[in-house]
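**Q** I'll drop the sequence and a predicted model, then ask my questions.
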Amino acid sequence: MSYHVHARKAKKLNTKFIFISGGVISSVGKGITASSLATLLQARGYVVAPVKCDMYLNVDAGTIRPQEHGEVFVMDGGMETDQDLGNYERFLDESLPDINYVTNGQIYQNIIQKERNFEFEGEDVEIVPHVPEEIIDRLEKAAQARKADFVICEIGGTVGEYQNILFIEANRIMKYRDNRETLHIHVGYLPTPPSVGEMKSKPVQTSVRLLNGSGIQPDFLVCRSEGEMDDRRKALLAWICNMPATNIISAPNVNSIYSVPLLFDKQKLPEKILAKFGLKSKKNDITKWKTLAHRIESIQKQPTEMRIAVVGKYFETGAFKLADVYVSVVEAIKHAAIKSNVKIHLEWISSLEVEKQGTAKVLKGYSGIVVPGGFGSRGTEGMIATIQYARTKGIPYLGLCYGMQMATIEFARHVARLKDANTTEIDTGVKHPVIHIMPEQEKKLLKREYGASMRLGAWDCQIIRGTKTEKAYLKAGWLKKAGRATISERHRHRYEFNNDYRQKLESAGLIIAGTSPDGRLVEIVELPNHPFFVGTQFHPEFKSRPFNPHPLFIEFIQTATRTRKR
Ligand code: GLN
């Protein structure tokens, strides 16, 4: 067992490492803190690599049930990640490499593989130091991949758990080796219990103590709360948590996650962090964030709102609805609405509810309908009924992955008169398998190769000339010129449009608006004689950014604004 102080590979880059932990409750806002800090450092001229460290033994998020974990975000490289990577990309307006997502599963898998390869040359391989060393190695690789000035390492979970302790230990070791290259931000929650009416700091005091017990003295505290934190509480926390009161940042609830960067900027968090590392801003321009915040604020003042329905199945968790499962869809709709200057009211509708109560009752009054991605048979008849309703009533429709496959089935059944059309995902022996498994996927499933084995990540798609889709991409500037143009979008699926039915469905009026460059895989379907009806095999929501909304979402929202009944 060796505790040698190894030479850091990232040393040449002089990368600084900012660790972010959370306390008191989960979902406290570490991800938005990390994303906001990343964009603020980027605005000051620095290259930032945000990394999420998840506690799961799952190698990636792809095999976790969405109700357990929320959205599975997909990166260009095909890594299936936690939704925080989506926030990082949205705030930075950059696509990140796969290496920026770390799980305990990946760390252990690597160590065990190295051990099997005799890379430890007879050493006993132990939880400590080998696990934190492997974590440090991964963080350094993330620094190298982007030649980053800063790695922001968001530690999943809350302090005091067994699961994330070795990420905190990695932070302690790095700090021990060179305390000028790391700092730690703790994000805690200060509740104001209604019965007491006073903001309480004890939970944060306790979580900082837990951190202290792991050898970490946080340098900054980001205090989440309902309202603004007062100086009295700041002074108390400063005294108890061992830091200047100026390093305590108040983070009250705000009307949009996109105003958090401004909140931190006002309290000079980036300058304080840079100063701690002996650095200065190279430039500073956050005008775009100010403009965005003003725009959101003025839209929120609009007296009426346009109702958009998202009809899926992963909404319930006990007595609560879990919008987290489709966070990128929600954000993409918001981005398009902000760009189109329209106030949106999003409603989550379970497709099971549509099955129970019927479309007329459940879907009345919506100006646009989205069916997002999904798996399995539960609720699919409700989705198909929803799509039929959108198609026949001329309501703008956007189908994302499963939503495209369901739209194809709906069209086959009710327009092309293939009464028994379905996907083989639901019915293997179906008479008209208009959606079927991709041959290479079938082989993988037979061998039970479930992990990271779908068609994943960014793939090129050729857009067909003259389609509505082409117009949308041209209008948004995502395509420079019409005709045989190629886009790149992110995928996560095992099933595809069955080419045996291509001609039949096309002659019944379905338009194939995009295919893989070799023409083999259908990527986009749309309908003529409808204000907006588009289904994509890919997930456009993963590439939508607040400063660069996705063309299809823009077109969907703008058509809905035009066709809505007031
Ligand atoms: N279940 C479908 C497939 O695997 C759709 C997947 C999705 O919506 N992401 O092809």
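**A** Happy to help now that I have it. Not measured: the values here are computed from a predicted model.
**Q** Residue 295: how many residues sit nearby?
**A** 16 (other Cβ atoms under 10 Å). All C-beta atoms are positioned from the backbone trio N, CA, C, and that covers glycine.
**Q** Next, the closest residue to residue 172 other than its chain neighbours: secondary structure please.
**A** Closest residue to residue 172 apart from its sequence neighbours, by Cβ to Cβ, 6 or more residues apart in numbering: residue 215 at 4.2 Å. Taking DSSP: H, G, I helix; E, B strand; the rest coil as the rule, one finds residue 215 in the coil state.
**Q** again, but for residue 308
**A** On the basis of three-state DSSP, residue 308 is classed as strand.
**Q** again with the one 3 residues further on
**A** When the structure is split into helix, strand and coil by three-state DSSP, residue 311 lands in strand.
**Q** Begin at 518 from now on, thanks
**A** All right, first residue 518 from here; so that's residue 828.
**Q** got a list of what it touches?
**A** Applying Cβ atoms under 8 Å, 6 or more residues apart in numbering to residue 828 gives the contacts 866-868, 871, 880, 886-888, 899-900, 903.
**Q** picking that back up, how far away is the residue nearest to residue 689 from the ligand?
**A** Separation of residue 732 from the ligand (Cβ to the nearest ligand atom, to the nearest Å): 42 Å.
**Q** contacting residues for that residue?
**A** Residue 732 touches 685-686, 689, counting by Cβ under 8 Å, 6+ apart.
**Q** Against the centre of this structure, work out the most remote residue.
**A** Of all residues in the chain, residue 639 sits farthest from the chain's C-alpha centroid, using Cα atoms, centre = their mean; the distance is 41.6 Å.
**Q** picking that back up, turn the contacts of residue 732 into TSV, columns for neighbour count, distance to the ligand and pLDDT.
**A** Below are these laid out as TSV (neighbours: other Cβ atoms under 10 Å; distance: Cβ to the nearest ligand atom, whole Å; pLDDT from 0 to 100):
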residue	neighbour count	distance to the ligand	pLDDT
685	25	34	97
686	21	36	97
689	17	39	97
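**Q** in the helix or strand hosting residue 660, what counts as buried?
**A** Using DSSP states H and E, residue 660 falls within helix 644-663. Across helix 644-663, burial judged by 16 or more other Cβ atoms under 10 Å covers 646-661, 663.
**Q** low-scoring stretches of the stretch 718-867 of the chain, by residue?
**A** Within the stretch 718-867 of the chain, the segments meeting pLDDT under 70 span 832-840.
**Q** show me where it has strands.
**A** Secondary structure of the stretch 718-867 of the chain by DSSP state E, counting those that start in this stretch: the strands cover 737-742, 765-769, 823-829, 833-834, 837-838, 861-867.
**Q** relative to strand 861-867, how tilted is the third one?
**A** Spelled out, it's strand 823-829. 30 degrees (axes from the mean of the first three to the mean of the last three Cα atoms, to 10 degrees).
**Q** Adjacent strands (with direction) for strand 823-829?
**A** Looking at strand 823-829 with DSSP bridges, its partner strands are strand 861-867 (parallel), strand 885-888 (parallel).
**Q** same check, this time on the second one
**A** Note on strand 765-769: by DSSP bridges, its sheet partners are strand 737-742 (parallel).
**Q** so how far is the partner strand from its chain's centroid?
**A** Remark: strand 737-742 is offset 23 Å from the chain centroid, using Cα atoms, centre = their mean, to the nearest Å.
**Q** Show which residues not belonging to it make contact with it.
**A** 545-546, 550, 700-709, 716, 718, 721, 725, 746, 754, 758, 760, 764-770, 786, 789-790.
**Q** Where does the residue farthest from the centre of the chain sit: helix, strand or coil?
**A** coil.
**Q** Please report the distance of it from the ligand.
**A** Distance of residue 639 to the ligand, computed by Cβ to the nearest ligand atom: 45 Å.
**Q** follow-up on the earlier one: how about the strands paired with strand 823-829, which one is nearest the ligand?
**A** Proximity to the ligand (Cβ to the nearest ligand atom) singles out strand 885-888 among the strands paired with strand 823-829, at 9.4 Å.
**Q** For the closest residue to the ligand within the stretch 668-817 of the chain, which residues are in contact?
**A** Proximity to the ligand, evaluated over the stretch 668-817 of the chain using Cβ to the nearest ligand atom, is greatest for residue 673 at 23.2 Å. Counting by Cβ under 8 Å, 6+ apart, residue 673 touches 569-572, 599, 680-681, 684.
**Q** filter these to the buried ones?
**A** Applying 16+ other Cβ under 10 Å to these flags 569-572, 599, 681, 684 as buried.
**Q** Good, wrapping up.
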